[in-house]
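1. Sequence below, structure please.
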Amino acid sequence: MKALHFGAGNIGRGFIGKLLSDAGVDVTFADVNETVVNALIERNAYPVKVVGADCVVETVSNVTAVNSTSPEVIACIAESDLLTTAVGPTVLKIIAKTVAQGIELRFSQGNETPLNIIACENMVRGTSQLKEAVYQHLNDAVKAKTDQLVGFVDSAVDRIVPPAEAGETDPLAVTVETFSEWIVDQTQFKGEIPNIPGMECTDNLMAFVERKLFTLNTGHLITAYLGVLAGHETIKDSIEDDAIRADVKAAMEESGAVLIRRYGFDAKAHAAYIEKILGRFANPYLRDEVDRVGRQPIRKLSPQDRLVKPLNGTLEYSLANEHLLKGIAAAFHYKNDDDPQAVELQAMFAEKGFADTLAHYSELDANADVVVRAQQAYLALK
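-> Predicted structure coming up:
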């Protein structure tokens, strides 16, 4: 089985690429980073440090790479059985044309074996959004054939993969936590579902997408923003601050109450899941900087993302949301001159004030009581 994976960064190599290789899949990475691409071509392997209770270095082998801007990547799509991505939400649209060209070449060469595409991104139904972008580059005849032979499979992914450790000289070395979760929508595959240990199938993907978004992502981000305010540099330092831990846990309990109402999750099991997430944040082997986690606050304040979506759930079910509002308020204290979204947020905030700025990005009503309360939380944090 052949797989092409877009994105040879830390998540691509440390998470999806590793699972595929461990399953015996021939993996080709596609990336624009020539240093990484050339090293993968030369070595066909790379080390992954897996850290949890212990620290173990594992070797990922049987891999190669191609520059994602070269014609060769289109040929790879034409002959692959599986296409995965870990490029970040904003890059999906950029690679859509290349994916479309690969599908066209595949069909023109007479390859009618099923191709399944899985976007492994930190977003809700990222593969469906990639499909929409790909179809913009296909004519009606190719679209019809794509509907029959290409599966666009949505997924939920969860693994903390921090940036390279300070002083690391190997461009392929990557560190990951022991925990990983890759859940896919089994109803969207074409042909047989591949047997990949670590890839879990479900017919109720949104329950797991929102469980991860409302717990790991919500808690991670609020830890980062409160950590910045408290002067901490890392997620570990932040979550070991008792006050921050209490706020983060309470926010995840608020978002968890939404999940329990919406999907019927067992309350005790979800409480244990929250504790597991908190323990992951405190992993002593992971240096995860708050500035990295806090980046792109505008995207994270959008209606479908980790702060506002669970908040809207609390409004839907008339549930408590005090600590989620505190997390949203803390986002407005996040300043990072190296992050264009943080700069834009602060500029609009300075010009239009809290309520209008939050309403603009979150699509909440600027006059709503919940926005008034969020502003009060912001002022309380000053």
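2. Only C-alpha atoms from now on, for both contacts and neighbour counts.
-> Will do.
3. quick one: pLDDT of the closest residue to residue 34 other than its chain neighbours?
-> Using CA to CA, 6 or more residues apart in numbering and skipping the chain neighbours, the partner closest in space to residue 34 is residue 67 (7.1 Å). Residue 67 is assigned a pLDDT of 97 by the prediction.
4. One more: residue 123?
-> For residue 123, the predicted pLDDT is 83.
5. With residue 244 instead?
-> Predicted confidence (pLDDT) for residue 244: 98.
6. let's have the chain start at 46 instead
-> Let's use 46 as the start, then, which means that last one is residue 289.
7. Pull the number of nearby residues for it.
-> 20 (other CA atoms under 10 Å).
8. and if you look at residue 192?
-> 11.
9. where's it relative to residue 178, distance?
-> Distance of residue 192 to residue 178, given as CA to CA, to the nearest Å: 14 Å.
10. Please apply the same query to residue 409.
-> In this view, residue 409 and residue 178 are 27 Å apart by CA to CA.
11. Show me what the helix or strand that contains residue 417 is packed against.
-> Per DSSP states H and E, residue 417 falls inside helix 414-426. If contacts are counted by 3 or more CA pairs under 8 Å, 6 or more residues apart in numbering; DSSP states H and E, helix 414-426 sits against helix 367-376, helix 385-407.
12. Mind listing what's buried along it?
-> Neighbour counts over helix 414-426 (16 or more other CA atoms under 10 Å) mark 415-416, 418-420, 422-423 as buried.
13. would TSV of these with distance to residue 347 and pLDDT be doable?
-> Below are these laid out as TSV (distance: CA to CA, whole Å; pLDDT from 0 to 100):
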residue	distance to residue 347	pLDDT
415	15	98
416	14	98
418	18	98
419	15	98
420	17	98
422	19	98
423	18	98
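14. What separation do you get for the residue nearest to residue 79 and residue 53?
-> 10 Å.
15. Find residues that contact each of the two.
-> Residues within reach of residue 112 and of residue 53 at once, by CA atoms under 8 Å, 6 or more residues apart in numbering, are 75-76, 82.
16. Just give me the closest of these to residue 236.
-> In terms of CA to CA, no member of the shared contacts of residue 112 and residue 53 lies closer to residue 236 than residue 75, at 24.4 Å.
17. in a strand, that's where that closest one is, yeah?
-> Yes - checked against DSSP: H, G, I helix; E, B strand; the rest coil, residue 75 lies within a strand.
18. Please name the bridge partners of it.
-> Note on residue 75: beta-bridge partners by DSSP bridges are residue 51, residue 111.
19. where's residue 273 relative to residue 207, distance?
-> From residue 273 to residue 207 the distance is 17 Å (CA to CA).
20. Those two - which one has more neighbours?
-> Higher neighbour count among residue 273 and residue 207: residue 273, with 23 against 19, using other CA under 10 Å.
21. Chain neighbours aside, what residue packs nearest to that one?
-> Nearest residue to residue 273, sequence neighbours excluded (CA to CA, 6+ apart): residue 335, at 6.6 Å.
22. With residue 326 instead?
-> Excluding the flanking residues, the one nearest residue 326 by CA to CA, 6+ apart is residue 281, at 5.7 Å.
23. Secondary structure element holding that neighbour?
-> Assigning secondary structure by DSSP H and E places residue 281 in helix 280-284.
24. which residues touch that helix?
-> Contact with helix 280-284 is made by 265, 268-269, 271-272, 275, 277, 289-290, 323, 326-329, 331-335, as judged by CA under 8 Å, 6+ apart.
25. switch to 6 Å and redo it
-> Outside helix 280-284, the residues within contact range by CA atoms under 6 Å, 6 or more residues apart in numbering are 272, 277, 290, 326-327, 333, 335.
26. what's the offset of the very next helix or strand once past it from the middle of its chain?
-> Of the helices and strands lying after helix 280-284 in sequence (DSSP H and E), the nearest is helix 287-308. In terms of CA atoms, centre = their mean, to the nearest Å, the centre of helix 287-308 is found 20 Å from the chain centre.
27. Equivalent analysis for stretch 410-427, please.
-> Worked out by CA atoms, centre = their mean, stretch 410-427 lies 28 Å from the chain centre.
28. So for residue 139, which of the helices and strands packed on helix 414-426 sits nearest?
-> Among the helices and strands packed on helix 414-426, helix 385-407 sits nearest to residue 139 (CA to CA), with 19.0 Å.
29. Compute the inter-axis angle for the closest one and helix 367-376.
-> Taking axes from the mean of the first three to the mean of the last three CA atoms, to 10 degrees, one finds helix 385-407 and helix 367-376 inclined to each other by 140 degrees.
30. Next, the angle helix 414-426 makes with helix 385-407.
-> 140 degrees.
31. for the stretch 146-295 of the chain, which spans come out with low pLDDT?
-> Residues of the stretch 146-295 of the chain meeting the criterion pLDDT under 70: none.
32. where along it do the strands fall?
-> Taking DSSP state E, counting those that start in this stretch as the test, the strands found in the stretch 146-295 of the chain are 160-164, 195-198, 200-203, 219-222, 226-230, 244-247.
33. Show me what the third one is packed up against.
-> The contact analysis (3 or more CA pairs under 6 Å, 6 or more residues apart in numbering; DSSP states H and E) places strand 200-203 against strand 226-230.
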